[in-house]
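Undergrad: Test case, fold it:
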Amino acid sequence: MTESSLLKRITISPEICHGKPCIKGTRIAVVDILGWLSAGMSYEEIIEDFPQLNKQQILVALAFRL
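TA: Numbers count the residues shown, from 1 in each chain. I've put the predicted structure just below:
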């Protein structure tokens, strides 16, 4: 995944989640996804709790860095 393809899937706007990087089209912050993963949630559990996400978007959150 190239940096440019990542940036197309992540949005940063001061009006959304106080400017935290979010998955485009959602109000789900990258840091939240990383927190859920570090707490031991599986991709499937995250998608079950947040059906607007898919596995590719979770992988984008993992690959993203400022």
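
Undergrad: Just confirm residue 21 contacts residue 27, I think it does.
TA: No - at 11.8 Å, residue 21 does not count as touching residue 27 under the criterion of CB atoms under 8 Å. To be clear about C-beta, it is placed using only N, CA and C from the backbone, and glycine gets the same treatment.

Undergrad: which of the two has more neighbours?
TA: More neighbours surround residue 21 than the other of residue 21 and residue 27, with 20 against 12 (other CB atoms under 10 Å).

Undergrad: what's the nearest residue to the more buried one if we skip its chain neighbours?
TA: Once flanking residues are discounted, residue 21 sits nearest to residue 30: 4.5 Å by CB to CB, 6 or more residues apart in numbering.

Undergrad: number of nearby residues for the one you found?
TA: Around residue 30 there are 23 residues (other CB under 10 Å).

Undergrad: What of residue 20?
TA: Residue 20 sits with 16 neighbouring residues when counted by other CB under 10 Å.

Undergrad: Also residue 33?
TA: There are 24 residues near residue 33, going by other CB under 10 Å.

Undergrad: contacting residues around the helix or strand containing it?
TA: Of the helices and strands defined by DSSP states H and E, residue 33 is found in helix 30-38. The contact list for helix 30-38 (CB atoms under 8 Å, 6 or more residues apart in numbering) reads 10, 20-23, 45-46, 53, 58, 61-62, 64.

Undergrad: Identify each buried residue in it, please.
TA: For helix 30-38, a neighbour-count test (16 or more other CB atoms under 10 Å) marks 30, 32-33, 36-37 as buried.

Undergrad: Check stretch 8-18 too.
TA: The neighbour-count check on stretch 8-18 (16+ other CB under 10 Å) flags 9-11, 17 as buried.

Undergrad: The residue nearest to residue 23 when sequence neighbours are not counted: which element?
TA: What sits nearest to residue 23 in space, not counting adjacent residues and going by CB to CB, 6+ apart, is residue 57, at 4.9 Å. Per DSSP H and E: residue 57 is located in helix 55-63.
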